[in-house]
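Asker: got a sequence here, can you model it:
(2 chains)
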There are 2 protein chains.
Amino acid sequence: MSIATTEHTVRAFDAELHALTRMMSELGGHAESQIIWAVDALVKRDLDRGKRVVRADAGLDHLQCEIEQRAIELIATRQPMAVDLREIIAILRIVRELERVGDLAKNIGKRVAALGSTHLPRQPLRGLMHMSTLAAHQLKDALDSHAARDSRKAMNVWRSDEEVDSLYTSLFRELLTYIMEDPGIVVSGLHLLFCAKNLERVGDHATNIAESVYYLVEGRSLGDERPKVDPLAAVAFTLGTPSTAPVG
Amino acid sequence: MSIATTEHTVRAFDAELHALTRMMSELGGHAESQIIWAVDALVKRDLDRGKRVVRADAGLDHLQCEIEQRAIELIATRQPMAVDLREIIAILRIVRELERVGDLAKNIGKRVAALGSTHLPRQPLRGLMHMSTLAAHQLKDALDSHAARDSRKAMNVWRSDEEVDSLYTSLFRELLTYIMEDPGIVVSGLHLLFCAKNLERVGDHATNIAESVYYLVEGRSLGDERPKVDPLAAVAFTLGTPSTAPVG
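Answerer: Now for the predicted structure:
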């Protein structure tokens, strides 16, 4: 291969990698918004917005598919080595996580219609708003750490998932109290509980993205497992049942 | 490259792909067993077995990492094109799903200790056993469809996820009835409910594997989204609350 051809190949590869990264950022932005809008629709009992969130998920799926296809084509046609290959693998991993975040937002969006106009206690709704803001923030930080190739920032995202978990735990306990006090609220309480669980999982996906970024930058895995909590275990302790072990 | 070199390269690639496929089958076998053992431990209140399931998950994580590393190395060193590349991408996707199945089994395993010796109603435990057998079966069929490059079998797995969903729905309703009748059972009822949800997600992972196999064999996606149910929506309908829309 002549030097000119090689340079052309490198430029073409970089341009395509750049395009993929831009598409991934776009997908990330959509995923963040979907989480925020879904919970907003739930809190404001805005059925139309809930439906829009549900419908918009197809766009995220489509974008993820397109990125995957182009990434695979890029590997096949340009045959990147070492670092370049790692770049593409990171994109493939990250867009999968983002697509799953989209699914979780869609699931929350569906619950807006399922809850209809049932009365919901205000306090846990506020908790859900708080969780959604934090989870979307984690997601943004994880993607920023990718853009900046900042493994320390990625590690911070990974570590601060505990905050989302701790919010989840307190919200879970709150909802459980409502459910136990008023059996009439069991169904709507469980809907909110599943929403909280979904947001906790958004935090996990942000963490998975952070792990991929860390691997991309440092060439090795973060290794240790994050400590996980199970709110049920904590609650069981309060109630005096035998369960005290953390589950998660 | 001489013909001899090319032949050597092809043979080396095939041998490594074969090794990766064998490792993936091994991981799949472990994931299936973990699901079965976790629920078995839960039903028999076997704390030791529950702990063993939790501990064994590290082995699955390790194996998944090793497969990923070797797959990436194989792409980097052998620079496979088209079909060969698709083979490796399929393996990368499938082992990620299997690793997540392992996480779900571990989560169930942890609940064995959390539940301690609390009395549990026998009927839902039987339901969980049934669900775990079906979900492990789905997983096996999905992996068999990969081994046989059988896109029809893959599509069957994809379609029959409805069975797991339907089992989940009835188990969910049953547990909800227990919870509403006896507030003292809320915590253990929710533990079982989360176990059921985990098994439903195992079914989803089997479906994702089937989708990857379909793509590998047919070169195009299965496209349509599977219909998903939310047991809460159904229950809410029974209870006369406004929610009738399916959520999932």
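
Asker: where does chain A have low pLDDT?
Answerer: By pLDDT under 70, the low-scoring segments of chain A are A:1-5, A:223-248.

Asker: for it, which helix is longest?
Answerer: Among the segments of chain A that qualify as a helix by DSSP state H, the longest is helix A:3-43.

Asker: right, and the helix or strand after it?
Answerer: Using DSSP states H and E, the helix or strand that follows helix A:3-43 towards the C-terminus is helix A:47-78.

Asker: tell me the buried residues in that following helix?
Answerer: Across helix A:47-78, burial judged by 16 or more other CB atoms under 10 Å in any protein chain shown covers A:47, A:49-50, A:53-54, A:56-57, A:60-61, A:63-64, A:67-68, A:70-72, A:74-76, A:78. In short, each C-beta sits where N, CA and C put it, glycine included.

Asker: and chain B, which of those residues contact it?
Answerer: A:Ile72, A:Ile75, A:Ala76 (CB under 8 Å from any CB of the partner chain).

Asker: let me know the closest of these to chain B.
Answerer: A:Ala76 (5.2 Å; CB to the nearest CB).

Asker: list the contacts for that closest one?
Answerer: Contacts for A:Ala76 (CB atoms under 8 Å, 6 or more residues apart in numbering or on different chains) come out as B:Met81, B:Ala82, B:Leu85.

Asker: do that again at 10 Å, thanks
Answerer: B:Ile75, B:Gln79, B:Pro80, B:Met81, B:Ala82, B:Val83, B:Asp84, B:Leu85, B:Arg86, B:Ile89 (CB atoms under 10 Å, 6 or more residues apart in numbering or on different chains).

Asker: now do A:Leu17
Answerer: A:Ala71, A:Leu74, A:Arg78, A:Pro80, A:Asp84, A:Glu87, A:Ile88, A:Ile91.

Asker: for the last one, grab the count of nearby residues.
Answerer: By other CB atoms under 10 Å in any protein chain shown, the residues close to A:Ile91 number 23.

Asker: go ahead and confirm A:Leu143 touches A:Ser25.
Answerer: Yes - applying CB atoms under 10 Å as the test, A:Leu143 and A:Ser25 come out as touching, 6.5 Å apart.

Asker: common neighbours of these two, please.
Answerer: Joint contacts of A:Leu143 and A:Ser25 (CB under 10 Å, 6+ apart) are A:Leu98.

Asker: of these two, which one has the most company?
Answerer: A side-by-side neighbour count of A:Leu143 and A:Ser25, using other CB under 10 Å, places A:Leu143 first with 24 against 15.

Asker: figure out the helix or strand that that one lives in.
Answerer: helix A:122-147.

Asker: continuing past that helix, what's the next helix or strand?
Answerer: Next along the chain after helix A:122-147, taking DSSP H and E as the criterion, comes helix A:151-159.

Asker: which helices and strands sit right next to that following helix?
Answerer: helix A:122-147, helix A:186-218 (3 or more CB pairs under 10 Å, 6 or more residues apart in numbering or on different chains; DSSP states H and E).

Asker: ok so, going back, just the closest of the contacts of A:Ala76 to chain A, please.
Answerer: Set against chain A, the nearest of those by CB to the nearest CB is B:Gln79 (4.1 Å).

Asker: how deep is that closest one tucked in, by neighbour count?
Answerer: Residues near B:Gln79, counting by other CB under 10 Å: 18.

Asker: dead centre of chain A: give me the residue that sits there.
Answerer: Centroid-nearest residue in chain A, with CA atoms, centre = their mean: A:Val202, separated by 3.1 Å.

Asker: what number of residues lie near the residue lying closest to it once chain neighbours are set aside?
Answerer: Counting by CB to CB, 6 or more residues apart in numbering or on different chains, A:Ala135 is the residue found nearest to A:Val202 once chain neighbours are left out, at 4.0 Å. For A:Ala135, the neighbour count with other CB under 10 Å is 30.

Asker: surely A:Ala135 and A:Val157 touch.
Answerer: No - contact criterion CB under 10 Å: A:Ala135 and A:Val157 do not qualify, at 11.2 Å.

Asker: what touches both of the two?
Answerer: In contact with both A:Ala135 and A:Val157: A:Gly203, A:Ala206, using CB under 10 Å, 6+ apart.

Asker: one step back: between the helices and strands packed on helix A:151-159, which gets nearest to A:Glu99?
Answerer: For the helices and strands packed on helix A:151-159, proximity to A:Glu99 was assessed by CB to CB; helix A:186-218 is nearest, at 9.5 Å.

Asker: taking helix A:3-43 as reference, get the angle to that closest one.
Answerer: Counting by axes from the mean of the first three to the mean of the last three CA atoms, to 10 degrees, helix A:186-218 lies at 160 degrees to helix A:3-43.

Asker: buried residues in helix A:186-218, which are they?
Answerer: So for helix A:186-218, counting by 16+ other CB under 10 Å, buried means A:186-217.

Asker: and for stretch A:149-167?
Answerer: For stretch A:149-167, by 16+ other CB under 10 Å, it's A:Asp150, A:Ser151, A:Lys153, A:Ala154, A:Met155, A:Val157, A:Trp158, A:Ser160, A:Asp161, A:Val164, A:Asp165, A:Leu167.

Asker: alright, that wraps it up for me.
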